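Q: sharing a model that was predicted from the sequence below.
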Amino acid sequence: MGGAVRDELLGLDVTDRDYVVVGIDSEQMLAAGFSRVGKDFPVFLHPETKDEYALARKERKEGVGYGGFVCDFGTDVTLEEDLLRRDLTINAIAKSKDGHLVDPYGGTQDLKDKVLRHVSPAFVEDPLRVLRVARFAARFKHLGFSVDTATLQMMTQLSAGDELNSLTPERIWKEMARALGEEVPSEYFRVLRGCGALKVLLPEMDALFGVPQTKHYHPEVDTGVHVLMSIDAARQHFNSELVTFCVVLHDLGKGITPQEQWPSHRNHEVTGVPLVEAVCRRLRVPKDYLAMAKLVCEYHLKCHRVPEMKAGTILKLLQALDGFRRPERVKQFAQACESDSRGRLGFEQRPYPQSALLLGCLGAARSVSAKEYLEQGFKGLALAEKLTQGKVGVINQYMRGEEAGLLLAQC
């Protein structure tokens, strides 16, 4: 049913299978040994396979937003009526047990044509579909799929009204989080911008488009384009939703740079932090995502400069990242910064030695133990000072070794 049939026809791995049942009510499902799950819709688990079986339903819009629907689960609801309520034709294909495809709305042809097209005019009744279509565009972009023109017009219509404002922060974040893990996550934001939804849902990011950067460092010039390129670099090289999310927000400060200062964006890493906080607060983003996004925003320029930094400055950066208690943060931070560097025209495959250098410095500094200083009688502030000196010393030694190795390789 739906996604499982779609993925099977595309030759993709099918991970989840769900089924729709027609002509039967809830009591009959329970009598057959199925167990009911969920409160909103009558969904049942098979007694042996635990696959999900849902009663066929049809809907009518009576309220505002994606929750303003009244559903009919009567035994007279047909499979075609159930499929009619789906968002896209490629998700409105069913397959019977004998392998027969039920495709009343042309989903198989749209799979061949690689088009994401709405099933019916009822598409505009559910604002959540704007986000879902954008997410499917991100999932199938690498296969050549694009959004149908008429569907994009409906998405634009929804974005121009008040319907998107009815979406809860949890729903918006859920779709974004899933989009970050799709094959081409930049397409999610590109499609949302194309229909006007990005300006409503993520105005801080929308403001980046059309903002120029110094061409010497950013041949792509446009800040919004740079961010989209960085998003895909993060997905391609690291495949971490957390890292990709940090990349989405890392340059928000450039969106509020006064035009008279363009293409320079001095202190954008500092001015961007309150914007990162505002986005995460509005979307109720998980705390670990908020913490890392703020760190990447504030310190990403320092990561780029690690090869030229003094050992004491590198130590301060590691401490700001809380790297000694949470070393995984330094790795995630370095990955986001590398994505930022690669997200530039002509820099996509450029090596980024800063990542290895920063992690190497962390490893060296973590080797310094307080034990030997305690044994020497150091305590309190004196102990802290000796630890700092020791860590600076080993970081300096490590950096010199890396420089020597680089020079030897060049010879």
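A: Right, received. Where do you want to start?

Q: for the stretch 51-200 of the chain, give me the ranges with low pLDDT.
A: 60-70 (pLDDT under 70).

Q: same thing but at 50, please
A: Regions of the stretch 51-200 of the chain meeting the criterion pLDDT under 50 are absent.

Q: what about the residue nearest to Glu170 when sequence neighbours are not counted, how many neighbours?
A: Using Cβ to Cβ, 6 or more residues apart in numbering and skipping residues adjacent in sequence, the residue nearest Glu170 is Arg284, 6.3 Å away. C-beta coordinates here come from the backbone N, C-alpha and C atoms, glycine included. Residues near Arg284, counting by other Cβ atoms under 10 Å, number 12.

Q: strands of this structure, start to end?
A: With DSSP state E applied, the chain shows strands at 18-21, 35-37, 43-45, 52-55, 58-61, 69-72, 94-95, 101-102, 115-116, 146-147, listed in chain order.

Q: which parts of the stretch 101-250 of the chain are helices?
A: Under the criterion DSSP state H, counting those that start in this stretch, the stretch 101-250 of the chain carries helices at the ranges 107-113, 128-140, 149-160, 169-179, 186-194, 197-201, 203-206, 223-237, 241-249.

Q: okay, those, which one's buried deepest?
A: Of all the helices of the stretch 101-250 of the chain, helix 241-249 has the most neighbours on average by mean count of other Cβ atoms under 10 Å, namely a mean of 26.

Q: run the chain-centre distance for it.
A: On the basis of Cα atoms, centre = their mean, to the nearest Å, helix 241-249 sits 6 Å off its chain's mean C-alpha point.

Q: pLDDT of that helix, averaged?
A: When pLDDT is averaged over helix 241-249, the result is 98.

Q: what does stretch 202-211 give?
A: 98.

Q: just the terminal-to-terminal distance for that stretch.
A: End-to-end distance for stretch 202-211, by Cα to Cα, to the nearest Å: 16 Å.

Q: burial measure for Val37, as a count.
A: Val37: 12 surrounding residues under other Cβ under 10 Å.

Q: brain fart, Val119
A: By other Cβ under 10 Å, the residues close to Val119 number 21.

Q: ok, it to Leu252 distance?
A: Plainly put, Val119 is 36 Å away from Leu252 if you go by Cβ to Cβ, to the nearest Å.

Q: again, but for Gly380
A: Gly380 sits 41 Å away from Leu252, taking Cβ to Cβ as the criterion.

Q: between these two, which one's more packed in?
A: Neighbour count, other Cβ under 10 Å: between Gly380 and Leu252, Leu252 has more, with 27 against 7.

Q: Asp340: how many residues sit nearby?
A: Neighbours of Asp340 (other Cβ under 10 Å): 26.

Q: tell me who's in contact with it.
A: By Cβ atoms under 8 Å, 6 or more residues apart in numbering, Asp340 lies in contact with Ser230, Val247, His250, Asp251, His300, His304.

Q: what is the most widely separated pair among the residues you listed?
A: Greatest spatial distance in these: Val247 and His304, 13.9 Å, computed using Cβ to Cβ.
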